[in-house]
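Trainee: Sequence and predicted model, in that order:
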Amino acid sequence: MKTVKQVVFEVTNILNSANVAEAAANAEFIICTILGKSRTEILAFGSALFPTEKEEVLNSVIKQKIEGLPLEYIFNSASFLGRKFYIDERVLIPRPETEELILKTQKKLKYAPKNILDLCTGSGCIGISLALTYPSAQVTCSDISASALEVAKQNAATYKTKINFIESNLFTNLQGKFDLIISNPPYIKEDDIKTLSPEVKQEPRLAQIGGKEGTEIIEKIIQAAPKFLAPGGLLAIEIGDKEGQKVLQFFSRDIWSNFILEYDLAGLDRYIFAYIKEI
Ligand SMILES: C[S@@+](CC[C@H](N)C(=O)[O-])C[C@H]1O[C@@H](n2cnc3c(N)ncnc32)[C@H](O)[C@@H]1O
């Protein structure tokens, strides 16, 4: 039998030979997840024996990782704002930039929202996180993809959140007024899809492509949102990293009292926050 430390070493070498990036970190993550232990525990108890009954699953995970499947799809789990969300190939894997979208949005809100819309919800990570932060708010999560909504419903059930799920092409099937409309829509340019890493290429195209320019869906959201925002309501959108100035031009001063571009932790264009006029 091998020790945990030996297995970490061997898996790192296998991933390295297969040109998997960040082989050591990936090896540790894989072994921690399979053993249900933290990294600290793995490092502290490296001389413990690696259970033989876990070898089959370990080999299967290594194979899938080398084939280019993201670990979130292999383990059906992604961490988002400290919570685990069920994830599979029907939805985009939640990103740290989107965690930041939520944190920034909370600071921009002038009052606790009563009605929230998470447009393009995917796994539901945004809407569910907000439902847990604002338990008395009525939260609606919508997506054009029925299969993405199944994943979001599963996550909402895990967190016992009461959410209104609607299958809709943007606002088509939606009604009512929201204090907050938040969205991480698809925003990758059609032509840029081929430049994505093999792992990112595994995610649904529908979740990625924002049109020829990458901003088409965002433009539609900005045009349609005013009808669905309560007076003074906030629109918060995640955008592509070079699109800030272009997206700002989609706003009209007649309708919006303020619209601002903000940056992610890497200093790149990433978020637009816009308030609709009070009257
Ligand atoms: C970038 S993913 C975001 C998923 C999730 N909100 C997140 O941040 O991880 C975009 C989502 O928009 C959905 N979508 C694409 N086009 C849409 C449309 N026209 N109307 C509504 N949803 C759409 C996709 O199915 C996908 O789930």
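Mentor: That came through, no problem.
Trainee: The residue of the chain found nearest the ligand - how many residues pack around it?
Mentor: In the chain, the residue found nearest to the ligand is G122; the distance is 2.4 Å by Cβ to the nearest ligand atom. Where C-beta positions appear, they are placed from N, C-alpha and C, glycine not excepted. The number of residues packed around G122, counting by other Cβ atoms under 10 Å, is 31.
Trainee: Helix, strand or coil: sort out it for me.
Mentor: Look at G122: counting by DSSP: H, G, I helix; E, B strand; the rest coil, its state is coil.
Trainee: Look up phi and psi at it.
Mentor: The phi/psi pair for G122 (degrees, to the nearest 10) reads phi 60, psi -120.
Trainee: That one contacts D143, doesn't it?
Mentor: Yes. Using Cβ atoms under 8 Å, G122 is in contact with D143, at 6.4 Å.
Trainee: Which neighbours do the two have in common?
Mentor: In terms of Cβ atoms under 8 Å, 6 or more residues apart in numbering, G122 and D143 are both contacted by the residues A152.
Trainee: Quick check: residues of the stretch 101-250 of the chain near the ligand?
Mentor: Counting by Cβ under 6 Å from any ligand atom, the residues of the stretch 101-250 of the chain close to the ligand are 120-123, 125-126, 143-145, 148, 169-170, 184-186, 206-207, 217.
Trainee: Quick check: end-to-end length of stretch 209-223?
Mentor: With Cα to Cα, to the nearest Å as the measure, the first residue of stretch 209-223 is 19 Å from its last.
Trainee: The residue of the chain closest to the ligand: what's its closest spatial neighbour, skipping adjacent residues?
Mentor: Counting by Cβ to Cβ, 6 or more residues apart in numbering, G122 lies nearest to V91, which is 4.5 Å off, once chain neighbours are set aside.
Trainee: which residues touch that neighbour?
Mentor: Contacts of V91 (Cβ under 8 Å, 6+ apart): 122-123, 148, 151-152, 204, 207.
Trainee: okay, among the residues you listed, which ones form the most distant pair?
Mentor: With Cβ to Cβ as the measure, no two of the contacts of V91 lie farther apart than A152 and P204, at 13.4 Å.
Trainee: who's more crowded, these two?
Mentor: More crowded of A152 and P204, by other Cβ under 10 Å: A152, with 28 against 16.
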